[in-house]
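Colleague: Pasting the sequence and the predicted coordinates here, then a few questions.
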Amino acid sequence: MLTIYHSNRLDILKDLLVTLIKSKPLSNPLQDEKILVQSPGMAQWLRFQLAEELGIAAAINFPLPASFLWEMYIQISPDAPKRSAFNKEAMLWKIMDLVKQMLNRHNFAPLKNYLTEDNDDLKSYQLAGKIADIFDQYLVYRPDWILKWEQADGLDAIPHQQRWQPELWQALVAKTAELKQPHWHRANMHRQFNKNLTLGKSFNSLPKRFFVFGISALPPHFVESLQTLSQQIDVHLMITNPCRYFWGDIKDHKYLAKMKSKHFLLSNDQLSERKDSFYKASAISGDECTNPLLASMGKLGSDYLYQIHDLDAVNIDAFADISRTTLLKHIQADILDLADSSSNTQKPIIKKNDTSLHIHSCHSPIREIEVLHDHLLAIFARHPDVTPKDIVIMLPDVDTYSPWIQTVFGSIPKQEPRYIPFSISDRSVRTEHPILTGVLKLLNIDNSRCTAPELLDLLDIPALQRRFKLNQKGLETLRQWINDTGIRWGINNHQQSCFDLPIMSVNTWQFGLRRMLLGYAMPESSGIYADILPFDGVQGINSHLCGQLADFLEQIEQLAISLNQEYSIGEWTRYVNNLLEQFFLPDNSDEYPLKIIHDAMEHLHEQLQDADHQKPLTKTILINYLTERIAGQQNSQRFLAGQVNFCALMPMRSIPFKIVCLLGMSDGAYPRSIDVTGFDLIAQNSRRGDRSLRDDDRYLFLEALLSAQQELYISYVGKSMVDSSPRAPSVLVTELLNYCQQGFLCQENSEGSLTEQLITNHSLQAFSPRVFASKNKQESDKNLFSYAREWLPAASKKGQRPSQFIVSPLETTDIPDSIEMSELMRFFRNTTKYFCNRRLKVFFEDNEKILAENEPFELDGLNQYSLKQELLEAMIAGHPPAQILALRQASGYLPHGAFGEVIVDEQVRTMTTMADHVRRLTIPETLKENVEISLNIGGIHLSGWLKQIYFGGLIRYRPSPIKGKDIITTWIEHLCCCTTGLGLSTHLIGLDPKKRTYQQRTFNYLPVDDAVDYLDALISVYKKGLAYPQPLFPETALVLLNSKDDEEQTIKRARLCFEGNSNGSGDFAEGNDPYISRIYPSFDSSYLPMKELSISVLKPALLHSEAGVSS
């Protein structure tokens, strides 16, 4: 007998299930109860519930519908195999072989056109996979087509361009018979199954009964099988039905209900029998009372209800009335009663403090998670009875949100009151286990450019690090070496040639490794040896890293060579096993992902044997197969783990929870869309009961709406992070909002304000003052709040001037007794940076460099300056620039070939005039090689060495325009030189690149006493700079002191130098320096002390020097 139970609550169906198991236990205690469910999550929930009700949940199986039905087929037809020869995976390889054999047939012309240039068989494999998937759908949803095709019947109804499909199916059946495999598949098995059962013969092998619990929809042939099975055994079909009236034809509005023989009403959580039916077709007209949400989102359920409507079954109604106390309850009750509140003249009024439904618009996924965390804390405060296990958070894409969930929820210490225990289900195994990504990358290494970032990503995998005896610290050292030796891509020049590029020995891994190995034996100053420039970085205790890198690269090179051929499946299995052994040293955490790889290879071996696929496999097909296989693996499930659970939106995740949260409900993200295959005949000839991903998603949203017992929380990315322009939510959210707007009124407000009450627009940042304001909040900000006290200081300061970095000078008990001249110069180059580095031990520079993936085609600013410095030194010394060109090319930091030569030639022509001038100043030879400086000034011993002292004076030069910091540092050296009594001037020469000439500033000789006085003043500033950051900005100071304009114009020019152009296009903005901007963020507040300090430090240097340029 078939009994169908209808209820709008899953827990009622559970109670009915428990009652049936208790009241009518199986006669054979060794026989298992069979409860069909749609997902493992539902099985887990139901197992917990049964254990709680029965004391123990043993001898209960929870099969999925497809596997159960095939098991029933086997019970009825003993010759049926345990695994059909027409399963999707088995069909794939047969189809792949058959299509190639049949391509020259007339009907296969469309496939032949598609498969042109299929050198690696990837197109054939992917096409065969699509066809196998389509045929599998036909077996489930169009078994009548399959049976007709096998009889060569009904072919005229098929479009001409698709007639290859029945021809291919017939060939597939023949191929299966040729392999002596059972001819059974779902279509003929289903026909035989129904035929055998309807003959009246008894089958003792069938279970005494089984339950179908809470499944949203079943294929038509399965519903038919339920009816047939019910002639022999008891079948209990338990349906979560959102509406108490018949709504299978809700779209057509033909009729609503049908009288049933028996039904139940749940009142006050108790089941009571009633004689009159809930199906009051005569009282309700479909034209008058159709619920738009149910009609729009419920197609999946309405089609299913339509299928089971005319079954010969006993229908039991166990609906629970819903009290209309909140907006959410109103919506759920409307759906239950097939009502439409928008049609009411007296619309329900929703209280302003109603929190049963709230929708949140955020700027980004991380803001969605931050807002969610705050609102969960508010829910715990608002509902003391709610615990973490009462909350489910569902997302369309768990992997996208997983890092942000870990960042927000996982960063709070467990001992803090704000900590919320959480778990994340349904993450892809590749996200959880990087070793899987590593295996796929290694298998494709021969098609990879082997860029520096790509191979370092491989080395970042813990199991691979262990195999090559590396650790994270060593990897950071290698990262620096790889950058410094100019490694960009390619194992060697042979691999570069594989990409149809000219053979170049530089910028490859082999090139960089040779530099490291030679640098271990000889210094870089030795010059080029055997076309290799030594690299100085490989020294000391880290030198062993070079050998470990060499070992890794050797293995990669050998792997790339061996991958360039096809193998049989047995050879591939051995190959993959060797690869795993060669590159990975797993620990306990790697056992599961490695098992996935081993199982996949074993499964592939079985598939190919079953299909008699003899042809060797290309590497491309193997990678594609493994990628699909890994993507289809479910990670260890932690659903219902007693914590706040983040999980994917999937069928029957709509288990009742007190709080249901839906995140990522953005337009385009949900409902999901999928491209329909062009040769899918089901899509071209739809029937009731056909599955659609968008219809599934719509029904999942409806189920989530109905499963929320107290509150439904929805969030989406509703604004752009760039310009805050609005972005639409999911169409399902829009439909829900429209229904609320049209059907309900907001308390104490006019119609049209309910949407504003439901949607909360959140700020871009978590530290917005809007979030933390406690008084004078705007109406739109009433729902903004935060428990994240770490953001409160930032929020309280927003809109205000930043507080002064340091209020009073630090204690200067550690003023040094002596100081090097170079240290004093370093101080005056950037006084704020020196203070942060020396006194505060704060460093704002990001030392981690982003590795380049391509050889250099141009020089960045730092490398360009370094090249000019080297060229200038060579030109002054009379050495040919070709030497620098050769060294630069050997370092890997110069563009290849003529590009590098052009750059060098351009720099030589730019600096020729300057080099000639410096050479004239440095002839005759130096007056003294080195002069020691040793002075006691202001209680500090100043020491150092002066170099490059010529008869023409102290010569200083740089291949760039003269800047303020150059003037100050040269001024310090000049004063020290004056104290020696040599009586020399100092010449500072800079480059004018636009005019291809030079600039010069000459510092005049000063008496010793004057020089000492000026040094004393500078050392005094230095002492102050150890206690307090001195507002000396050399470039801005130079603008102030050199200006001939009035004060207003001078300040304007100084501000431009400090702040740059308002559009950010200025060449230089001194205030953008990370140290200066942190300590002196405002030009106005630092102007006066800067001006005063500039006069005392820089003005004397300008007064005692003369500027000039070459004519």
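Modeller: Cool, the structure landed. Because the structure is a prediction, the values reported are computed rather than measured.
Colleague: G892 reaches V506, doesn't it?
Modeller: Yes - using Cβ atoms under 8 Å, G892 is in contact with V506, at 4.9 Å. Glycine gets a C-beta too; all of them are placed from N, C-alpha and C.
Colleague: Give the intersection of the neighbour lists for these two.
Modeller: Shared contacts of G892 and V506 (Cβ atoms under 8 Å, 6 or more residues apart in numbering): 486, 855.
Colleague: Look up how far T980 lies from S448.
Modeller: In this structure, S448 and T980 are 61 Å apart, going by Cβ to Cβ, to the nearest Å.
Colleague: Contact partners for G1025?
Modeller: Contacts of G1025 (Cβ under 8 Å, 6+ apart): 827, 831, 834-835.
Colleague: ok, now with 6 Å
Modeller: 831, 835 (Cβ atoms under 6 Å, 6 or more residues apart in numbering).
Colleague: what about it, distance to G939?
Modeller: G1025 is 15 Å from G939, by Cβ to Cβ.
Colleague: One more: F899?
Modeller: Taking Cβ to Cβ, one finds F899 at 56 Å from G939.
Colleague: Could you do G689 as well?
Modeller: Using Cβ to Cβ, one gets 95 Å for the distance from G689 to G939.
Colleague: more neighbours, those two?
Modeller: G689 (18 against 10; other Cβ atoms under 10 Å).
Colleague: Can you list phi and psi of the more buried one for me?
Modeller: Here is the backbone geometry of G689 (degrees, to the nearest 10): phi 100, psi -10.
Colleague: now do R1001
Modeller: Torsion angles, degrees, to the nearest 10, at R1001: phi -130, psi 120.
Colleague: In space, not sequence, find me the middle residue of the protein.
Modeller: T400 (5.0 Å; Cα atoms, centre = their mean).
Colleague: so which helix or strand takes in it?
Modeller: helix 398-409 (DSSP states H and E).
Colleague: For that helix, buried residues please.
Modeller: By 16 or more other Cβ atoms under 10 Å, the buried positions in helix 398-409 come out as 398, 401-402, 404-405, 408-409.
Colleague: same deal with stretch 694-712?
Modeller: For stretch 694-712, a neighbour-count test (16+ other Cβ under 10 Å) marks 695-712 as buried.
Colleague: Can you give the domain ranges for this structure?
Modeller: 2-80+203-320, 88-183, 350-427+637-762, 430-631, 829-1029 (automatic domain parsing).
Colleague: gap between the two ends of the fourth one?
Modeller: As for domain 430-631, its first-to-last residue distance stands at 8 Å under the measure Cα to Cα, to the nearest Å.
Colleague: Run the chain-centre distance for that domain.
Modeller: 24 Å (Cα atoms, centre = their mean, to the nearest Å).
Colleague: average pLDDT across it?
Modeller: Here domain 430-631 scores 91 as its mean pLDDT.
Colleague: Likewise for stretch 1076-1089?
Modeller: 85.
Colleague: Could you pull out the strands in the stretch 751-900 of the chain for me?
Modeller: 759-761, 818-820 (DSSP state E, counting those that start in this stretch).
Colleague: so what's P110 up against?
Modeller: Q161.
Colleague: hang on, it is in a helix, isn't it?
Modeller: Yes - using DSSP: H, G, I helix; E, B strand; the rest coil, the assignment for P110 is a helix.
Colleague: and it, how far is that from F679?
Modeller: Distance from P110 to F679, by Cβ to Cβ: 8 Å.
Colleague: Same check on R839?
Modeller: 73 Å.
Colleague: Mean pLDDT and mean neighbour count added to the strands of the stretch 751-900 of the chain, as JSON lines?
Modeller: What follows is the strands of the stretch 751-900 of the chain, written out as JSON lines (pLDDT from 0 to 100; neighbours: other Cβ atoms under 10 Å):
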{"stretch": "strand 759-761", "mean pLDDT": "91", "mean neighbour count": "19"}
{"stretch": "strand 818-820", "mean pLDDT": "93", "mean neighbour count": "15"}
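Colleague: Need the contact partners of the host helix or strand of E224.
Modeller: Using DSSP H and E, the element containing E224 is helix 220-229. Helix 220-229 has contacts (Cβ under 6 Å, 6+ apart) with 69, 143, 190, 194, 197, 235, 307, 311, 689.
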